[in-house]
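[1] Just a sequence and a predicted model for now, questions to come.
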Amino acid sequence: MIVLHEEGQVVPAERRIVVEPEGCSGQSHIISLITNIAGVDDDSSFANHKMIVPEVATRIHNGKTLNIPLEVLWTRKSAEHTPLANHVSSIKKGSYVASEHTPYQHGGEQSWNFERFELRKMVEFGMQSRPSDTHSIELMEMTSNAIDSLRDIIRQRAKRSKPLDKSNRVNRVWAQPIAIVQGDAVDMMLQRAWMGANSGHSTKSKVVSCHSPLYAEVMDEFGLTGVANYPVFMSTWWISLLMHDFDDWRQDYLAILDYNFFLEYNLDQVTGAQFLSPLGKDMAAIWDMPELSNELQIRRSHMLCSMAFFDLKRRHESDFLNQDTDGRTVWIHKDRDVWRDFKALDSAGYSHYFSYALGAPGRDDMMLAGLVNDWIDLGPDLRYQECNQSVFALTRGSLTINDLTQCYERTVWMLNASFDSEERHVGYNGIVGTCVWQLGNHRHDLWRYYSLAYDNCSVAQQLDLYKIANLADCYASDFTPRTLSDTKVISLPRKDYSYHVRVDNFEHQGSIMLHKTVCDAVKSKLIPASVIDYQIILPFLLRIGKIDEATFMRYMDRRYCNHFADIMRSGHADGFSHAYARAIAALVMEGWWSGIYFAIGIGSLIEAQPDHIANDRPH
């Protein structure tokens, strides 16, 4: 069922308006239901869904696709003549194959059992003063919490007849219907979704390659090839490098370890098979690099724990792929810290965890990389019933505009805390890197979502978005939001940034206040002005009415691949210095402070339609 509040107010449960769609299936019933509730005419603009907007990857590539092999046996130019390059070369020549004892060859929960034993052995018999021991103990706790939570979800989904049974709420996680306010901005967007917006078609793409000539130049310039043709791997050949755990080829080794989030979660089993695929054999051989330092071996073991989780999640989602979703059900968690660890596992940064701050700050940072990604996926995650949607976890399933703004405010407070801490810079670079990845991965349709809900930026801008707080400051253990009174506020050295951008043969000039670090980075050519135009100026011009939605979308779609190429080139040309990372971080935070990500989240609800579990990725 869906719980409706009276407009604009959160009211006691006994006074809520309740709609019971149970036992009714089919989109036509949902349209009728919403029409009756809200007085929406079937002939209104909300019901005009004749024109289908293509998926984002189809639009930006004009319908052209190109399949490229997932080649992993290569290194970029800056890593030539290094131990890693020599190792990869020996694999290509056939003179090196992975040992049958390579940890990589243990898959699924077998991998978790193996790595848990190995890590405990390292801790128990190692020097107790090693920092790796504390990181490994924390990581084992996080993995155990995540796998236990996932098993709970699997058990409940298996009860097809009573998936929303309230008796499930004694568990650590349970499913329940969303709660909304009749007539607010969220309700209006959900009405459009439930009435079959875009004729029921999603504009979120699956994994595709980028064949833009400009990006091809970037790849050739820096020696990127194979999997780097696929923009989702920007997470490895841009985010991993931005995190800057090391200053040499070891960072490239971590980038290759990070492949496995995408390979394990998006392909049917890369690891653990007695009969590994050619790709699996290549990956196993790279992982089995001889004479690895103790630290790299520990990082490899950490990543294997992450892969064990994703193997279980992928298998589970494949098993339930044919199970229908209603676009209105979310998963709720009982305990804040157990949920945080579950989300941390879902964020796939385990090869870098050794560089994170110890304790709650590091675990928060790992979680935050997932939380920022969940804000732009509210609608798709309802559609495909994502079991680890962190915004819905924090709002306890409420999609009222009041509860979402409260959650957005606290999300930004947590981002401020990480941004303001030098100790947390590796973790924070992973968070902001995720935000940039969203804009270029050829998968998420962020700017379409923004164009549908940009007026909600003003709602976010009325919030107090400059406080500094961690997860435990923001929420009690049962997810009750906490109010902060006397707390530190982030320092914002802003200055005038002059822009001059051409949109559809019209010149737009003016100035906007931006973080000094961003302004200085453009002036020194550390970041090209085109990146600021794309991420800040065009959304701003739409927001203040200088351009309309159609003009905005034409520009963003036409510039999409160029922006992706600009980001990739700027990072590799600079060598991913600390100054570059700070400029990128400040640029991303300007997007959060201006409410861009709040608008994207609201707009994404256009995707909240019935579908199937995990139908947004191949199985």
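    Thanks, I have it.
[2] for the protein, what helix or strand is lowest in average pLDDT?
    When each helix and strand of the chain is scored by mean pLDDT, DSSP states H and E, strand 17-19 comes last, with a mean of 30.
[3] what's the pLDDT at P131?
    P131 carries a pLDDT value of 55.
[4] Now the residue nearest the centre of the chain: closest residue in space, sequence neighbours ignored.
    Computing the C-alpha centroid of the chain and ranking residues by CA atoms, centre = their mean puts N373 first, at 2.8 Å. Nearest residue to N373, sequence neighbours excluded (CB to CB, 6 or more residues apart in numbering): T434, at 5.5 Å. No exception for glycine: its C-beta is placed from N, CA and C like everyone else's.
[5] can you count the residues close to that neighbour?
    23 (other CB atoms under 10 Å).
[6] For the helix or strand where it lies, name the packing helices and strands.
    Secondary structure from DSSP states H and E places T434 in helix 425-440. Counting contacts by 3 or more CB pairs under 8 Å, 6 or more residues apart in numbering; DSSP states H and E, helix 425-440 is packed against helix 241-243, helix 360-375, helix 401-419, helix 549-574, helix 578-593.
[7] Now render the ones you listed as a markdown table, adding mean pLDDT.
    Formatted as a markdown table, the helices and strands packed on helix 425-440 follow (pLDDT from 0 to 100):
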| stretch | mean pLDDT |
| --- | --- |
| helix 241-243 | 98 |
| helix 360-375 | 98 |
| helix 401-419 | 98 |
| helix 549-574 | 98 |
| helix 578-593 | 98 |
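[8] Let me have these in CSV, extended by distance to L73.
    Formatted as CSV, the helices and strands packed on helix 425-440 follow (distance: least, CB to CB, whole Å):
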stretch, distance to L73
helix 241-243, 19
helix 360-375, 28
helix 401-419, 36
helix 549-574, 20
helix 578-593, 29
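[9] Determine which of these approaches I286 most closely.
    Nearest of the helices and strands packed on helix 425-440 to I286, taken as CB to CB: helix 241-243 at 17.1 Å.
[10] ok, the nearest residue to H515 once chain neighbours are set aside - contacts?
    Nearest residue to H515, sequence neighbours excluded (CB to CB, 6+ apart): A586, at 3.9 Å. A586 sits next to 514-515, 517-518 when contact means CB atoms under 8 Å, 6 or more residues apart in numbering.
[11] swap the cut-off to 7 Å and go again
    515, 517-518 (CB atoms under 7 Å, 6 or more residues apart in numbering).
[12] Out of the helices and strands packed on helix 425-440, which gets nearest to N229?
    Per CB to CB, nearest to N229 of those: helix 549-574, 11.7 Å.
[13] Give me the distance between the closest residue in space to T203 that isn't next to it in sequence and P493.
    Distance criterion CB to CB, 6+ apart; nearest residue to T203, sequence neighbours excluded, is D445 at 4.4 Å. Look at D445 and P493: by CB to CB, to the nearest Å, they are 34 Å apart.
[14] Neighbour count for those two, which is higher?
    D445 (29 against 9).
[15] my guess is that one meets H201, correct?
    No. Judged on CB atoms under 7 Å, D445 makes no contact with H201 at a distance of 11.4 Å.
[16] Helices along the stretch 101-250 of the chain, start to end?
    108-125, 131-157, 185-194, 213-222, 234, 241-243, 249-266 (DSSP state H, counting those that start in this stretch).
[17] No further questions, thank you.
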